[in-house]
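Student: Using only what follows, build the 3D model:
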Amino acid sequence: MIVLRLGERWLQFDGKRLVTVPAFPQCSGAVGVIDDFAGAPAGSRALDGKPEHANAVIERQMRSEGLVDGESHVLIHHRTIVPGGVQTLFTAVSVDVWQQVQAWAQAQPDHCQVVPLLALLSQHVSNGTGIVLNYGRSLVFLAQQGSSLRYASMMAFSENPDDLLMAMASLGDQVRSLLAGGSSPELIWCALDAPQDRDDDGLRAAFLRSAGVALQACPSQLVAGGDGVRLRSGLGYLLNGWSDRDAINPQPARLLVAAESWLPVAAMVCVVIALALFGYGAYAYIKSNDILREASQRTLEAVKRSEIASNRLMREVPPARYPAVRDFLARADRINTSYNPYKLVGVVRDAAGADARILRVRLDKDPKGLQSIVIDGALKETAMDGQGLSRIITRLRMAGYEPAALNPADASQSTAFFSYRLVRKAS
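Tutor: Just a heads-up that it's a prediction; the model follows:
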């Protein structure tokens, strides 16, 4: 639904009906608002200086010229950077009207996007083109000539055809002056609420005579007005230039509208992603089944090979010489792990060194029944310093044996004699 504030009039358009409604109506759903801010002063000006200072410069100029009373909020709908300054298209809205429309828009239960009328007109203007808009008794001209925007407006005394003809002629004179010295743009004629029986051809002819530029009528439609009146309206054509970026609502409200407009696209993207994930899931499921089937097949093959090998081993008969070979290997292992006499004699001799004489080496069993070696010996006189026996024990331990003291075999009480049981250390 579209709500229009044109001067002091409030209109509502639903695509088929264009009817008058009370000021600041309460809307039940999302609504777009086209607002001229109660006929606020508007125009196009070329300014010197930096573009960011344009709002303040325009407000100061409008106040000094007496076009606005008190503070105003300047809306710049279009700006073009030119050498040394900026070309602007603007509307100067009084602070009271600005606050009032903002509060009304924010109080609506659903989205309420407010777009200035002049911003909507500028969407239909490019270099070498322009538009003449009529609503009620108001006439607005906007065109672009090179980098310059040309703007003019006229208010007829009434909506009487004769008064409108006079206003069109006066507007044409202004346009002729504005376009002097440049090429004539292609102009579109757009009437928002013209009665069905009004002679718009005559109005366009009056403009042609005074401005020297022809007007081409825009596409229009017949809509129902109040009290059964039929109106010819180009509002549908005008709405083709609607852009939410031109809305004057606070940033959060504009972001919400933009986000909602993307909901269908987001939903479609989610559907595509869901389908892709479903397809990938189906592919992964089929692939995993193939892998499991292959793994099961390989397991069965391995079990079969194992059974075949077991059966083959069970059927094989050991050779006749197997027991003799087995006994030989066992005996060799015992010899390898038991005490080696040749190696043992060498170890004992090295341990005795120059400190003792080895009298006897014999194989014996310890009290636990484990096999061990017993050595008997006597210290030499040079080793009677009290450290000779310690050195012998240390060398035996380094060779991998643990010596345990025994009583000498001849029961001698001499300290020179010693007897030890040697047990191999666990490796």
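
Student: send the alpha carbons of stretch 378-397 over as CSV?
Tutor: Output of stretch 378-397 as CSV, limited to C-alpha atoms (Å, rounded to 0.1, in the frame of the first residue of the first chain):
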residue,chain,number,x,y,z
ALA,A,378,93.5,-67.5,48.7
LEU,A,379,94.7,-63.9,48.8
LYS,A,380,98.3,-63.1,47.9
GLU,A,381,100.4,-61.3,50.4
THR,A,382,100.3,-58.2,48.3
ALA,A,383,96.6,-58.1,48.6
MET,A,384,96.4,-58.3,52.3
ASP,A,385,95.8,-54.6,52.6
GLY,A,386,92.1,-55.2,53.3
GLN,A,387,91.0,-54.0,49.8
GLY,A,388,92.1,-57.1,47.7
LEU,A,389,88.9,-59.1,48.4
SER,A,390,86.7,-56.0,47.6
ARG,A,391,88.4,-55.6,44.3
ILE,A,392,87.8,-59.2,43.4
ILE,A,393,84.1,-59.0,44.3
THR,A,394,83.7,-55.7,42.3
ARG,A,395,85.2,-57.4,39.2
LEU,A,396,82.9,-60.4,39.5
ARG,A,397,79.9,-58.1,39.7
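
Student: and it, which residues are buried?
Tutor: Along stretch 378-397, these residues count as buried under the neighbour rule (16 or more other C-beta atoms under 10 Å): Ala378, Leu379, Ala383, Gly388, Leu389, Arg391, Ile392, Ile393, Arg395, Leu396. Yep, even glycine has a C-beta here, placed from its N, CA and C like the rest.

Student: Redo these as TSV? Include distance to Gly281.
Tutor: Shown next, in TSV, are these (distance: C-beta to C-beta, whole Å):
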residue	distance to Gly281
Ala378	91
Leu379	89
Ala383	88
Gly388	86
Leu389	83
Arg391	80
Ile392	80
Ile393	77
Arg395	76
Leu396	74
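
Student: partner residues bridging Cys112?
Tutor: Here Cys112 shows beta-bridge partners Val31, assigned using DSSP bridges.

Student: now Trp189
Tutor: The partner residues for Trp189, given DSSP bridges, come to Val132, Ala217.

Student: Next, count neighbours for it.
Tutor: Using other C-beta atoms under 10 Å, Trp189 has 21 other residues around it.

Student: wait, what's in contact with it?
Tutor: With contacts defined as C-beta atoms under 8 Å, 6 or more residues apart in numbering, Trp189 is in contact with Ile131, Val132, Asn134, Asp200, Leu203, Arg204, Leu215, Gln216, Ala217, Cys218.

Student: Could you turn the buried ones of the residues you listed into a PyMOL selection?
Tutor: A single PyMOL command selects the buried members of the contacts of Trp189 (16+ other C-beta under 10 Å):
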select buried, resi 131+132+134+200+203+204+215+218
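
Student: Make CSV from the contacts of Trp189 and add distance to Val271 to it.
Tutor: Shown next, in CSV, are the contacts of Trp189 (distance: C-beta to C-beta, whole Å):
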residue, distance to Val271
Ile131, 41
Val132, 46
Asn134, 46
Asp200, 48
Leu203, 52
Arg204, 50
Leu215, 48
Gln216, 44
Ala217, 44
Cys218, 39
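
Student: closest to Phe417 among the contacts of Trp189?
Tutor: Ile131 (134.9 Å; C-beta to C-beta).

Student: returning to what we had before: rank the buried residues of stretch 378-397 by pLDDT and give me only the lowest.
Tutor: Within the buried residues of stretch 378-397, Ala383 has the lowest pLDDT, namely 77.
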